[in-house]
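Novice: sequence first, predicted coordinates after that:
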Amino acid sequence: MWVGEISLEALVIGLLLIGLLGYDRQAFGGGWLTYAAAIAYMFFATGYLITTVISRIAWRERRLWPYSVVATALFLIHFEVLNGGVGGAFDIRDRMRIRLVGACIAFACTLAGSLVLRKWVPPHT
């Protein structure tokens, strides 16, 4: 489930970057996948993957939203690590949009994952 959440986040954030930074109209799919691959690499490089997988494994609560809140906070923290690590790669307006929309994407993807897990995993008794 976690792999699906992360993959969906990378793909949708790739679309966000296409909207903000532009793309080659002749190669939309390739540009989108390039952005998504770069996002996936940044998830790895900043430690977002490891912190979210640990959080997903450790989180045993049956309520839907708490893990999504944790994952969203991790997204915001790791985005700042990424941006600071590369010396402020994004314009200040773009940074704000990426934080806002990226946080919504992280929340929505992890919430969807939690919904699916709730259907697959029986409640603890």
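Specialist: Great, that's in hand.

Novice: quick check: buried residues in the one helix or strand residue 12 maps to?
Specialist: Using DSSP states H and E, residue 12 falls within helix 2-21. For helix 2-21, a neighbour-count test (16 or more other Cβ atoms under 10 Å) marks 2, 5-6, 8-14, 16-18 as buried. To be clear about C-beta, it is placed using only N, CA and C from the backbone, and glycine gets the same treatment.

Novice: got any ranges where the protein has weak pLDDT?
Specialist: Low-confidence segments of the chain (pLDDT under 70): 60, 62, 86, 88-89, 122-125.

Novice: just the helices in it please.
Specialist: For the chain, helices defined by DSSP state H occupy the ranges 2-21, 28-46, 48-58, 65-85, 92-120.

Novice: what's the helix holding residue 12 packed up against?
Specialist: The contact analysis (3 or more Cβ pairs under 8 Å, 6 or more residues apart in numbering; DSSP states H and E) places helix 2-21 against helix 28-46, helix 48-58, helix 92-120.

Novice: I'd like to know which elements the shortest one is packed against.
Specialist: Going back to what we said before, that points to helix 48-58. Short answer (3+ Cβ pairs under 8 Å, 6+ apart): helix 48-58 packs on helix 2-21, helix 65-85.

Novice: these into CSV, with extra columns for distance to residue 30?
Specialist: Shown next, in CSV, are the helices and strands packed on helix 48-58 (distance: least, Cβ to Cβ, whole Å):
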stretch, distance to residue 30
helix 2-21, 11
helix 65-85, 23
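
Novice: out of those helices, which gets nearest to residue 119?
Specialist: Among the helices and strands packed on helix 48-58, the nearest to residue 119 by Cβ to Cβ is helix 2-21 (13.6 Å).

Novice: what angle do the closest one and helix 28-46 make?
Specialist: Using axes from the mean of the first three to the mean of the last three Cα atoms, to 10 degrees, the inter-axis angle of helix 2-21 relative to helix 28-46 is 120 degrees.

Novice: export helix 2-21 as PDB, just CAs?
Specialist: Coordinates of the C-alpha atoms in helix 2-21 are reproduced here as PDB (Å, rounded to 0.1, in the frame of the first residue of the first chain):
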ATOM      1  CA  TRP A   2       2.800   2.400   0.900                       C
ATOM      2  CA  VAL A   3       4.500   1.900  -2.500                       C
ATOM      3  CA  GLY A   4       1.200   2.900  -4.200                       C
ATOM      4  CA  GLU A   5       0.800   6.000  -2.000                       C
ATOM      5  CA  ILE A   6       4.300   7.100  -2.700                       C
ATOM      6  CA  SER A   7       4.000   6.400  -6.400                       C
ATOM      7  CA  LEU A   8       0.800   8.300  -6.700                       C
ATOM      8  CA  GLU A   9       2.300  11.200  -4.700                       C
ATOM      9  CA  ALA A  10       5.200  11.400  -7.100                       C
ATOM     10  CA  LEU A  11       3.000  11.300 -10.200                       C
ATOM     11  CA  VAL A  12       0.600  13.900  -9.000                       C
ATOM     12  CA  ILE A  13       3.300  16.200  -7.700                       C
ATOM     13  CA  GLY A  14       4.900  15.700 -11.200                       C
ATOM     14  CA  LEU A  15       1.700  17.200 -12.700                       C
ATOM     15  CA  LEU A  16       2.000  20.100 -10.200                       C
ATOM     16  CA  LEU A  17       5.500  20.800 -11.400                       C
ATOM     17  CA  ILE A  18       4.400  20.600 -15.000                       C
ATOM     18  CA  GLY A  19       1.800  23.200 -14.200                       C
ATOM     19  CA  LEU A  20       4.200  25.500 -12.400                       C
ATOM     20  CA  LEU A  21       7.400  25.100 -14.400                       C
END
